[in-house]
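K.L.:
3D, please:
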Amino acid sequence: MHHNGLKNIAELLVECLENEEVEYIFGLPGEENVYFIEALSHSKKIKFILTRHEQAASFMADIYGRLTGKAGICLATLGPGAINLLLGTADANLDSSPLIAIAAQASTDRLFKESHQIIDLVKLFEPVTKWTAMLSQPSTTTELVRKAFKLAESDRPGAVALILPEDILQENSTDKPLLRQSPKITLPNHDQIKKAAKIINEGKHVIILAGAGVYRHHAHKALTEFVNKTNIPVATTFMAKGVVPSDNPLVIGTIGFMRHDYTNFGFDKADVIISVGYDLIEYSPIAWNPKADKHIIHIHSIQAEVDKNYILSVGILGDIAASLNTLSKEMNIPKPIDKTSMQIRDSIEAEIKNHANDNAFPLKPQRIISDLRIAMKREDIVLCDTGALKMWMARLYPCYEPNTCIISNSLATMAFSLPGAIAAKLVYPNKKVVAVMGDGAFLMNSQEIETAKREKIPFVILIWRDNSYGLIGWKQHLTFGHSTYVNFDNPDFVKYAESFGIKGYSIHSAKELLPTLTEALNSNDIVLIDCPVDYSENTKLTDKLGKLTVSL
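P.N.:
Below you'll find the model as predicted:
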């Protein structure tokens, strides 16, 4: 800091970020952001986490934002560095996690012409953000930063990108950061609540569909109370797993699988759907309301997306918890327990139990999930990467708190889980964290093991190894009866782990997994477990679901 309050814009930016209560910035320095990095190095409040790839930095910011509701910050240089930030930025935007991507840019005097490393970064980020802006005038710095946080964190949260030209960072200013303010959510409209209560009271088969908005608005306790008071069964999207604890007898599982699953049968019968905090991007309404004939009560802080299979009978906008509390007071409750929902619950429990002691090797997906759940406490966090394993985990892994099984289900991108685990552990140092991924996803961001080791951030990496892109093979089998161009070889994962200076274990029989997981979690180190999986279960499952009828 300079005398008489004069500082350069890079220093002012850091002051603004501190004012926004930023704890971490994930990323890579570059030539064009050296002034910013220098200013950051003097901050007592913000820790910079140097990553090995900008994509990984963007996933760390993405998961930080999802878990805290505060914008996760990632940083890259111009050109190639900025392009690498795009994936996690888009993932955060579609999953509605607050994130701010900060990318350097060349000096403004070069931007109008052909020049080294320059691409139009504003145009690049615009399609995957709520807002993208370039800092083109020093005097706008404090407003730009405040607006970026306000937009990233307010409803519906998402990603914002700030582009910082090199020359502007060196200009001087005496400005001070703007006061941090958060918009408050309004209370629901009582007439709408009365209308909704009438429809629900008259409904024969009512189901709640809970989505990611429930955890974003901390409405999970209110939803659990609502379910308990009303006796209405609840299904969650992949992302909302745990918003009502899985051991609650009214939880009928997770909806979002590619085939008509047990939980769908509840929707087949339902005449009223109470959708709570549900974003259509999580699972298309055509999959659970194909005839567009159900009454839909939309309870959310934001208006519903337009979709011909999601025509509302009533929309209740405003604070989700307040809406649920007020609605239950207007209803005739409790409603009689729905028999179908009990059968659905039994089917899912049977599927887990049938394989809990299955000693086949390679391991069945159901056995891996059963052992993983035993090894983890209720509040521990698993990050579940995209692939065949996501389908199994989403369907069968029981969750007792929101955001304890983290899935990317809007952009559904691969390879977020390993860098994401680093962010999860920073947010929750006292919880155990496991990153579960296929061998395909693992090798896409495995370099961040070095970041975790350097920063002493312990978590367990559990690889489901099948030497192929298993989900694609599954889809090919369903479509053509065979698979093509999905198989590959892998390095020796144990040696690979050891080369980073971390422990690696390979599973050689079904009985080894649970003790290995338990030891790994208790060691408080970074540990990699290489577990062969038998994905012949995939087609068995889809064949079985294809043959099931609604008579369940």
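
K.L.:
now the strands for the stretch 151-300 of the chain?
P.N.:
In the stretch 151-300 of the chain, the segments counted as strands under DSSP state E, counting those that start in this stretch are 159-165, 172-173, 206-210, 234-237, 251-255, 272-276, 295-300.

K.L.:
how about those in a markdown table, adding mean neighbour count?
P.N.:
To be clear about C-beta, it is placed using only N, CA and C from the backbone, and glycine gets the same treatment. Shown next, in a markdown table, are those (neighbours: other Cβ atoms under 10 Å):
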| stretch | mean neighbour count |
| --- | --- |
| strand 159-165 | 27 |
| strand 172-173 | 15 |
| strand 206-210 | 27 |
| strand 234-237 | 28 |
| strand 251-255 | 27 |
| strand 272-276 | 26 |
| strand 295-300 | 24 |
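
K.L.:
need the ones you listed in a markdown table with distance to residue 496, can you?
P.N.:
Shown next, in a markdown table, are the strands of the stretch 151-300 of the chain (distance: least, Cβ to Cβ, whole Å):
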| stretch | distance to residue 496 |
| --- | --- |
| strand 159-165 | 32 |
| strand 172-173 | 48 |
| strand 206-210 | 39 |
| strand 234-237 | 35 |
| strand 251-255 | 33 |
| strand 272-276 | 43 |
| strand 295-300 | 44 |
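
K.L.:
tell me how many other residues crowd residue 363.
P.N.:
25 (other Cβ atoms under 10 Å).

K.L.:
gap between it and residue 517?
P.N.:
12 Å (Cβ to Cβ, to the nearest Å).

K.L.:
can I get the strands of the stretch 151-300 of the chain in CSV with mean pLDDT?
P.N.:
Listed next are the strands of the stretch 151-300 of the chain as CSV, based on pLDDT from 0 to 100:
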stretch, mean pLDDT
strand 159-165, 98
strand 172-173, 96
strand 206-210, 96
strand 234-237, 96
strand 251-255, 92
strand 272-276, 98
strand 295-300, 98
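
K.L.:
indicate which one of those strands is closest to residue 375.
P.N.:
Nearest to residue 375 among these is strand 251-255 (20.7 Å), distances taken as Cβ to Cβ.

K.L.:
adjacent strands (with direction) for the closest one?
P.N.:
Its sheet considered, strand 251-255 pairs with strand 234-237 (parallel) by DSSP bridges.

K.L.:
list of residues touching stretch 248-256?
P.N.:
207, 209, 224, 227-228, 231-238, 241, 244-245, 261-264, 266-267, 282-283, 287-288, 341-342, 344-345, 348, 394-395, 409 (Cβ atoms under 8 Å, 6 or more residues apart in numbering).

K.L.:
and that stretch, how far apart are its ends?
P.N.:
20 Å (Cα to Cα, to the nearest Å).

K.L.:
cool, and stretch 87-103?
P.N.:
Start-to-end span of stretch 87-103 (Cα to Cα) is 14 Å.

K.L.:
what comes up buried for it?
P.N.:
Within stretch 87-103, the residues scored as buried using 16 or more other Cβ atoms under 10 Å are 87-103.

K.L.:
thinking again about what came up before, to residue 506, which of the strands of the stretch 151-300 of the chain lies closest?
P.N.:
Nearest to residue 506 among the strands of the stretch 151-300 of the chain is strand 251-255; the distance by Cβ to Cβ comes to 30.5 Å.

K.L.:
ChimeraX command for the buried members of the contacts of stretch 248-256?
P.N.:
What follows is the ChimeraX syntax for the buried subset of the contacts of stretch 248-256, where burial is set by 16+ other Cβ under 10 Å:
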select :207,209,224,227,231,232,233,234,235,236,237,238,241,244,245,261,262,263,264,266,267,282,283,288,341,344,345,348,394,395,409
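
K.L.:
mind listing which of the contacts of stretch 248-256 are in helices?
P.N.:
Using DSSP state H, the members of these that fall in helices are 224, 227-228, 262-264, 266-267, 341-342, 344-345, 348, 394-395.

K.L.:
run through this structure and note the low-pLDDT ranges.
P.N.:
Applying pLDDT under 70 to the chain flags residues 1-4, 548-552.
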